[in-house]
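A.B. asks: Requesting a structural model of the entry that follows:
(2 chains)
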Amino acid sequence: MSLMAEIGQRALDRDVPLSVQLDVTYRCNERCVHCYLDHDDHGEMTTAEIKGVLDQLADAGVFFLTISGGEVFMRMDFFEILEYARSLMFCVKIKTNAFMIGDKEAQRLKDLMINDIQVSIYSHRPEVHDAITLLPGSLKRSVAGIKRLRSHGIRVLIANVLMMQNLGDSDGVIALARELDAEYTIDPTVTPMMDGDREILKLGLGVPQLREVFRNSDMVGDVDEFCAVSPSTSNDHLEDFPCSAGHTACYISPYGDLYPCVQFPLPSGNVRQQKFMDIWRDSTQLNEVRSITVGDLPVCSGCGHSSSCSRCPGLAYMEGNMRGPSSQDCEKSFARTGIPSANMRLKAAAREIHGLVQISMPVQVPVLA
Amino acid sequence: MSIYIARSTALAARVLDGETMIMSAKDSKLFTLNPMGTLIWQSADGQTPLAEIVERKICPQFEIDKEQALSDAEEFVTSLAGHGVLVVAESPITSAKLPQGDAR
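C.D. replies: Residues are numbered from 1 along each chain as shown, chains lettered A, B, ... in the order given. Next up is the predicted model:
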């Protein structure tokens, strides 16, 4: 077991929230077509409130702190927040579009020893990237910011969300990442809006496109290993927890709302009204999430993919049932292995049965007197 | 000759159940310190000689021989200094840059 896995297990055994994502604003200077947030300010936490939350997170044992948004640099007090977080010795990661990072800002980030900075790049071609951010010149500005960060020796991770709109450009983004000496990661998931609106999911990849992505070694590493069908020789994984959400990780919105994860918007409390630890320990919602093992999932526990599936309980929740399947992950498992998930088979069977019992009713023509 | 130790600011750290996890900002290497290492690390204020930390804090708490404890502690701080986690000097460490953190 790696040291990181060992620490994760120790945190799990002791109910310690090892990782927290704190969004400090939802305001943003881009308008990405696939974004799941509403960018209006509905009353963000003040600097003092955020510092108070950071104190509580440090006391609770949080080690990894991801600060995100919105665009974090839209907050005038962002460096004050960062400095405070680093004084509490969090391992800080930032997500930003890097527009507002000049040399002075890059130097301050370097001095603060930020662990890494993640910047979303959708394409190496301005006409594609800017059409996704809906902001002309945005690729140029993000790349300029990344260059400044790298010139100060700051670790940069380029995140490439794959959608139909930019699917053919991942090789170009990989080449751009190499040129900028940045790391590269793909995310093939478009997340529903936090209010539950699923309209933006149509921007995401379908199974044929996912299949292509999962057979590209530049994106997944060892293709044979990645696409291998998991051996169903043991049921040990049925006692596993689906993911770290609510167990060793959680998410806090700019308004103080606490959720199991940014992708799992189950309202579990608000740090403006309650102490973080009171929510973490006593929230009915978090305790329900914690009670669920893979064996408790009515459809997924019987699925052949259950030990290797990337099933996201948050996506399942947004689909209507936190114990149910996440169709997006079913599609990924299918695209990876060619084997339909239990959920997909059930849906297909339901369609067939529905077809069998369908009766065409004769149209009744009203009889006119 | 006295040895003084101060915690580096180039790291992230958190105490979890008496043990300290540390990530070096220099190379993202992860370390964990056992309870004895944690006590030395927490006592690394740049002003207190290592021998005094060992005598006043380590020996009473862990009931070990002073000479052996000091020898082990010296080896331990040298190792951590090699990873940039601790700063070791022969005189008190007064730089305003050290140590600013407050691992809880």
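A.B. asks: C-alpha from now on. contacts and neighbour counts both.
C.D. replies: Will do.
A.B. asks: Provide a list of residues in contact with the residue lying closest to A:Gln263 once chain neighbours are set aside.
C.D. replies: Once flanking residues are discounted, A:Gln263 sits nearest to A:Gly314: 5.3 Å by Cα to Cα, 6 or more residues apart in numbering or on different chains. Applying Cα atoms under 8 Å, 6 or more residues apart in numbering or on different chains, we find A:Gly314 in contact with A:Cys261, A:Gln263, A:Phe264, A:Pro265, A:Met322.
A.B. asks: ok, the first one to A:Thr293 distance?
C.D. replies: Going back to what we said before, that points to A:Cys261. As for A:Cys261, its distance to A:Thr293 is 17 Å (criterion: Cα to Cα, to the nearest Å).
A.B. asks: picking up where we left off before, element containing the residue nearest to A:Gln263, please.
C.D. replies: A:Gly314 belongs to helix A:313-319 when assigned by DSSP states H and E.
A.B. asks: Tell me the bridge partners for A:Phe264.
C.D. replies: Here A:Phe264 sits in beta bridges with A:Cys261, going by DSSP bridges.
A.B. asks: again with A:Ser68
C.D. replies: Each beta-bridge partner of A:Ser68 is listed here: A:Asp23, as defined by DSSP bridges.
A.B. asks: What is the neighbour count of it?
C.D. replies: 21 (other Cα atoms under 10 Å in any protein chain shown).
A.B. asks: can you check B:Ile93 too?
C.D. replies: Using other Cα under 10 Å, B:Ile93 has 20 neighbouring residues.
A.B. asks: where does the nearest residue to it once chain neighbours are set aside land in three-state SS?
C.D. replies: Leaving out its chain neighbours, the residue that sits closest to B:Ile93 by Cα to Cα, 6+ apart is B:Gly46, at 4.6 Å. Judged by DSSP: H, G, I helix; E, B strand; the rest coil, the three-state class of B:Gly46 is strand.
A.B. asks: what does the one 10 residues further on give?
C.D. replies: Remark: B:Arg56 carries the secondary structure label helix [criterion: three-state DSSP].
A.B. asks: What of A:Pro298?
C.D. replies: Reduced to three states with three-state DSSP, the structure at A:Pro298 is coil.
A.B. asks: and the host helix or strand of A:Ile50, anywhere near chain B?
C.D. replies: Assigned by DSSP H and E, A:Ile50 belongs to helix A:47-60. Yes - for helix A:47-60 and chain B, the contact criterion (Cα under 8 Å from any Cα of the partner chain) is met by A:Ala58, A:Asp59.
A.B. asks: what packs against that helix?
C.D. replies: Identification of packing neighbours for helix A:47-60 by 3 or more Cα pairs under 8 Å, 6 or more residues apart in numbering or on different chains; DSSP states H and E yields helix A:78-87, helix A:276-282.
A.B. asks: which outside residues touch that helix?
C.D. replies: Helix A:47-60 has contacts (Cα under 8 Å, 6+ apart) with A:16-17, A:77, A:81, A:84-85, A:88, A:90, A:271-272, A:275-277, B:14, B:104.
A.B. asks: go with 7 Å
C.D. replies: Contacts with helix A:47-60, where a contact means Cα atoms under 7 Å, 6 or more residues apart in numbering or on different chains, come from A:Val16, A:Pro17, A:Asp77, A:Ile81, A:Tyr84, A:Ala85, A:Leu88, A:Phe276, A:Met277, B:Arg104.
A.B. asks: and which of the residues you listed is nearest A:Tyr26?
C.D. replies: Closest approach between the contacts of helix A:47-60 and A:Tyr26, by Cα to Cα: A:Asp77, at 14.6 Å.
A.B. asks: Number of residues surrounding A:Pro313?
C.D. replies: Number of residues near A:Pro313 (other Cα under 10 Å) recorded here: 24.
A.B. asks: Residue numbers of chain A in contact with chain B?
C.D. replies: Residues of chain A lying near chain B by Cα under 7 Å from any Cα of the partner chain: A:Ala58, A:Asp59, A:Gly61, A:Phe63, A:Ser87, A:Leu88, A:Met89, A:Phe90, A:Cys91, A:Met113, A:Asn115.
A.B. asks: Most neighbours among these, please name it.
C.D. replies: Among those, the one with the most neighbours (other Cα under 10 Å) is A:Phe90, at 31 neighbours.
A.B. asks: Turn the helices and strands packed on helix A:47-60 into TSV, including mean pLDDT and distance to A:Met164.
C.D. replies: Output for these, formatted as TSV (pLDDT from 0 to 100; distance: least, Cα to Cα, whole Å):
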stretch	mean pLDDT	distance to A:Met164
helix A:78-87	97	34
helix A:276-282	98	38
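A.B. asks: Show me the one of these that comes nearest B:Glu74.
C.D. replies: helix A:78-87 (27.1 Å).
A.B. asks: center of the chain - which residue?
C.D. replies: With no chain named, the answer covers chain A. Nearest to the mean C-alpha position of chain A, by Cα atoms, centre = their mean, lies A:Gln263 at 5.4 Å.
A.B. asks: try again with chain B
C.D. replies: With distances taken as Cα atoms, centre = their mean, the residue of chain B nearest its centroid is B:Trp41 (2.8 Å).
A.B. asks: Quick check: chain neighbours aside, which residue is closest to it?
C.D. replies: Leaving aside its sequence neighbours, B:Trp41 sits nearest to B:Arg7 (Cα to Cα, 6+ apart; 6.8 Å).
A.B. asks: wait, doesn't that neighbour sit right on B:Gln47?
C.D. replies: No - taking Cα atoms under 7 Å as the definition, B:Arg7 is not a contact partner of B:Gln47, at 11.2 Å.
A.B. asks: the more surrounded of those two?
C.D. replies: Each of B:Arg7 and B:Gln47 has its neighbours counted (other Cα under 10 Å); B:Arg7 has more, 25 against 15.
A.B. asks: A:Gly338 and A:Ile353, how far apart?
C.D. replies: To A:Ile353, A:Gly338 is 24 Å away according to Cα to Cα.
A.B. asks: Sorry, slip of the keys, the one I care about is A:Leu139.
C.D. replies: Distance of A:Leu139 to A:Ile353, computed by Cα to Cα: 50 Å.
A.B. asks: ok, these two, which is more surrounded?
C.D. replies: A count of neighbours by other Cα under 10 Å puts A:Leu139 above the other of A:Leu139 and A:Ile353, at 25 against 11.
A.B. asks: And that one, what's its pLDDT?
C.D. replies: For A:Leu139, the pLDDT comes out at 98.
A.B. asks: Wait, a strand at A:Thr185?
C.D. replies: Yes - assessed with three-state DSSP, A:Thr185 lies in a strand.
A.B. asks: now it, nearest residue through space, not along the chain?
C.D. replies: A:Ala159 (5.0 Å).
A.B. asks: cool, and A:Arg272?
C.D. replies: Setting aside the residues directly before and after it, A:Arg272 is nearest to A:Gly256 in space (Cα to Cα, 6+ apart), at 5.8 Å.
A.B. asks: Can you give me the neighbour number for B:Phe62?
C.D. replies: Residue crowding around B:Phe62 was assessed by other Cα under 10 Å; the count is 11.
A.B. asks: Please disregard the earlier target; I meant A:Ile121.
C.D. replies: Neighbour tally, A:Ile121, other Cα under 10 Å: 26.
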